[in-house]
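**Student:** just to be clear, the model below is a prediction. Sequence and coordinates:
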Amino acid sequence: MTDDALTPDQIQQIRNRVAELMPQVRADLEELVRIPSVSASSFDQSQVARSAEAVAELLRREGLDVEIVVEGGRPAVIGHLDGPEGAPTVTLYAHHDVQPPGDDADWDTPPFEPTERDGRLYGRGAADDKAGVMAHVAALRAHAGSLPVGVTVFVEGEEEYGSASLPTILEKHGHRLAADAIVIADSGNWAIGEPALTTTLRGGVRCVVRVETLDHSVHSGMFGGAAPDAVTALIRLLASLHDEEGNVAVQGLDEGTAAELDYDEARFREESGLLDGVGLIGSGSILTRLWNKPSITTIGMDVTSVDKASNTLAARAAAKVSMRLAPTQEPQAAFELLRAHLLDHAPWGAKVTVDLEEHGSGFAADADGPVYDEARASFADAWGTEPVDMGVGGSIPFISDFVARFPEASIIVTGVEDPDTRAHGANESLHLGEFEKVCVAEAVFLARLGALPRA
Ligand SMILES: [Zn+2]
């Protein structure tokens, strides 16, 4: 730890400065939330353009050289401001688009009218990820006139819609995003008052499994008992994907172990809504199961519905299978293992085909070295307690694009969310007290990097 990079006085000055800035940061956040920048194509895309322009204007006001780039998708904003000669450079990522609001009736207050209740700011994007955008702006403001490092801000416009044009943006504009450290503010903290760095994310594979047993459907009275139906065959096949304990039974997949964090079964039951009497599946600590081991879920099936059922042996049936992967797992290899398992376990010689629909890499940070040391120290300065390393069971697929494009950079995944944020859901909200700490941590981090001895 380079505890001496900044003096306690310097850190206190940054805390004070951020505290003074928060009312305006909050007001600017509310303006962003009022723009319904839903990137999904069935929504008005002029709003996404508006939010890109609003973000660009916030960055211009901080003196950044700003460009809005469109590479076949939604508008992204890239802004840059040089630091002192020879200082490290940092790229700050967030996204300005949001998820659809869903049914307005599920919201206690209108999704695009930011509203404070009990220390939280409610609204679509109030956390994910317009607060991420504003954390970057707050850090820049805290250092206005004397930025300690070179900063590039990259605010994407289609993260919630699959980041389809991100590879092209990185190809065409990536040279402007290269940096010693890349801060991706799109995750969250472990709990209120407990900061975290997100050091692992799971990858994923989605595929469709089709089973055929008959040339055509036939009468179950005349042929049942000797001819297998496709639905039963499919169900047996899907059942083979887990062992008795509920662990994934596909052989050869990567597995890891989560950090020892306080997370018990009662909390998991509460958060997941598991019914009384229903047991957990899998083995290992709960967090290991959620963050570091593979999981398999059947997410859809094409079978005759109950309403339309007749006494027939179905000739064919299909299921969509979603597999989450350990952070280190290569997705294409995982798909091949899954496909081999399914073909090997075809019951009664049923014809099985497996088609890959989508795959994405996980992320396992190289969470050591001077940049990570300064990041951890910055979080400790902001919260008064050391950050934990946390995993996320889901994916942020674009992070692997950054890892591939910038192999030399330290990639730090942070964010404004907490366990009650409900990102993507109704009544999404931001904890305002935690948000200030996020802003302090980022401002201190820039100062700490700027104070590192130069090579
Ligand atoms: Zn997000």
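**Tutor:** Good, I have the coordinates.
**Student:** pretty sure Phe363 contacts Pro327?
**Tutor:** Yes. Using Cβ atoms under 8 Å, Phe363 is in contact with Pro327, at 5.9 Å. (Glycine included, C-beta is placed from N, CA and C.)
**Student:** these two - which one has more neighbours?
**Tutor:** Phe363 (25 against 21; other Cβ atoms under 10 Å).
**Student:** which residues touch that one?
**Tutor:** Remark: with contacts taken as Cβ atoms under 8 Å, 6 or more residues apart in numbering, Phe363 is in contact with Thr200, Leu201, Gly203, Pro327, Ile396, Ile399, Ser400, Val403, Ile411, Val413.
**Student:** from Ala333, how far out is the fourth one?
**Tutor:** To tie it back to what came earlier, the one meant is Pro327. Distance from Pro327 to Ala333, counting by Cβ to Cβ, to the nearest Å: 14 Å.
**Student:** show me where the stretch 101-250 of the chain has strands.
**Tutor:** In the stretch 101-250 of the chain, the strands defined using DSSP state E, counting those that start in this stretch lie at 115-117, 120-122, 150-156, 181-185, 196-201, 203-212, 218-219.
**Student:** tell me how many other residues crowd the residue in the stretch 151-300 of the chain positioned nearest to the ion.
**Tutor:** As assessed by Cβ to the ion, the ion sits closest to Asp186 within the stretch 151-300 of the chain, at 4.2 Å. Residues near Asp186, counting by other Cβ under 10 Å, number 23.
**Student:** cool, the one 10 residues further on as well?
**Tutor:** Counted with other Cβ under 10 Å, residues neighbouring Ala196 total 23.
**Student:** please apply the same query to Gln45.
**Tutor:** Counted with other Cβ under 10 Å, the neighbours of Gln45 add up to 17.
**Student:** what's the angle between the helix or strand of the chain with the lowest mean pLDDT and strand 203-212?
**Tutor:** Least confident element among the helices and strands of the chain, by mean pLDDT, DSSP states H and E: helix 398-405 (a mean of 90). Going by axes from the mean of the first three to the mean of the last three Cα atoms, to 10 degrees, helix 398-405 is angled at 120 degrees with respect to strand 203-212.
**Student:** ok now helix 398-405, how far from the chain's centre?
**Tutor:** Taking Cα atoms, centre = their mean, to the nearest Å, the mean C-alpha location of helix 398-405 is offset from the chain mean by 13 Å.
**Student:** then stretch 316-332 to PDB, C-alphas only?
**Tutor:** Only the C-alpha atoms of stretch 316-332 are listed here, as PDB (Å, rounded to 0.1, in the frame of the first residue of the first chain):
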ATOM      1  CA  ARG A 316     -40.600 -32.800 -31.500                       C
ATOM      2  CA  ALA A 317     -39.900 -30.400 -28.600                       C
ATOM      3  CA  ALA A 318     -37.300 -27.700 -27.900                       C
ATOM      4  CA  ALA A 319     -35.900 -25.800 -25.000                       C
ATOM      5  CA  LYS A 320     -33.700 -22.700 -24.600                       C
ATOM      6  CA  VAL A 321     -30.900 -23.300 -22.100                       C
ATOM      7  CA  SER A 322     -28.900 -20.500 -20.500                       C
ATOM      8  CA  MET A 323     -25.600 -21.400 -18.900                       C
ATOM      9  CA  ARG A 324     -23.700 -19.000 -16.700                       C
ATOM     10  CA  LEU A 325     -19.900 -19.600 -16.600                       C
ATOM     11  CA  ALA A 326     -17.100 -19.300 -14.100                       C
ATOM     12  CA  PRO A 327     -15.300 -16.000 -14.700                       C
ATOM     13  CA  THR A 328     -12.200 -17.600 -16.300                       C
ATOM     14  CA  GLN A 329     -14.200 -19.900 -18.600                       C
ATOM     15  CA  GLU A 330     -13.800 -19.500 -22.400                       C
ATOM     16  CA  PRO A 331     -17.500 -19.500 -23.600                       C
ATOM     17  CA  GLN A 332     -17.000 -21.300 -26.900                       C
END
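**Student:** buried set for that stretch?
**Tutor:** Of all the residues in stretch 316-332, those buried under the rule 16 or more other Cβ atoms under 10 Å are 316-319, 321-327, 329, 331.
**Student:** quick one: mean pLDDT over that stretch.
**Tutor:** Averaging pLDDT along stretch 316-332 gives 97.
**Student:** tell me which two of the contacts of Phe363 sit farthest apart.
**Tutor:** The span of those, defined through Cβ to Cβ, is set by Gly203 and Ile411 at 15.4 Å.
**Student:** thinking again about what came up before, wait, which of the strands of the stretch 101-250 of the chain is closest to Gly79?
**Tutor:** Closest of the strands of the stretch 101-250 of the chain to Gly79 is strand 150-156, at 4.5 Å (criterion: Cβ to Cβ).
**Student:** low-scoring stretches of the protein, by residue?
**Tutor:** 1-4, 455 (pLDDT under 70).
**Student:** report the separation between the spatially most central residue of it and Ser165.
**Tutor:** Nearest residue to the geometric centre of the chain (Cα atoms, centre = their mean): Ile396, 3.8 Å. Relative to Ser165, Ile396 is positioned 16 Å away (Cβ to Cβ).
**Student:** over to Ile78?
**Tutor:** 13 Å.
**Student:** could the strands of the stretch 101-250 of the chain go into JSON lines alongside distance to Lys308?
**Tutor:** JSON lines is the format used below for these (distance: least, Cβ to Cβ, whole Å):
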{"stretch": "strand 115-117", "distance to Lys308": "45"}
{"stretch": "strand 120-122", "distance to Lys308": "42"}
{"stretch": "strand 150-156", "distance to Lys308": "44"}
{"stretch": "strand 181-185", "distance to Lys308": "47"}
{"stretch": "strand 196-201", "distance to Lys308": "41"}
{"stretch": "strand 203-212", "distance to Lys308": "19"}
{"stretch": "strand 218-219", "distance to Lys308": "16"}
